[in-house]
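Visitor: From the sequence below, what's the structure:
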Amino acid sequence: MERDEYFSDLFDRIRNTIDEILKPWKSLPDLDDFESHMDIVRDISSRLAASSEVGNSAIIGAGDIAYRIVLINNSLSSMSGATIGAFKDNYLGRLSGVVGGVHNVAMLWGLVLDPRKQYLKMLVRK
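Guide: Next up is the predicted model:
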């Protein structure tokens, strides 16, 4: 009988470990949680957008970062020297690409979140 108790106890510990690991997936995520993430996406997208666009289930206005980069570039165009040249090449010249890349990531995040939310809504209805 001692051996049976040992294996029964061992099985219970394994089952409890598995239950703890799977616990986050036993229920569907709260749909209200998606909206706070979508708000973040909309905020980031609007701040980084070079022009107005429709995305993430909303109209997103253009931010002023692209305008400011152009303004800085125009202001620096009359300046010369090694320091200004290095600044233009190493920082300003790459800034538009970085801002555009982060904007694209935010848009992709929104494009992934919205269908997932719709899918979960459909699952909840069933």
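Visitor: from here on, contacts and neighbour counts on C-alpha atoms
Guide: OK.
Visitor: The residue minimising distance to the centre of the chain - nearest residue in space that isn't next to it in sequence?
Guide: Most central in the chain under CA atoms, centre = their mean is W109, positioned 4.3 Å from the mean C-alpha point. In this structure, W109 finds its nearest non-sequential neighbour in V41, 7.1 Å apart by CA to CA, 6 or more residues apart in numbering.
Visitor: list the buried ones in the host helix or strand of V70?
Guide: In this assignment (DSSP states H and E), V70 forms part of helix 65-76. For helix 65-76, the neighbour count (16 or more other CA atoms under 10 Å) marks I65, A66, I69 as buried.
Visitor: ranges for the helices of the protein?
Guide: 2-22, 31-48, 65-76, 82-87, 93-125 (DSSP state H).
Visitor: returning to what we had before: could you measure the residue nearest to W109 against L108, distance?
Guide: According to CA to CA, to the nearest Å, V41 and L108 sit 9 Å apart.
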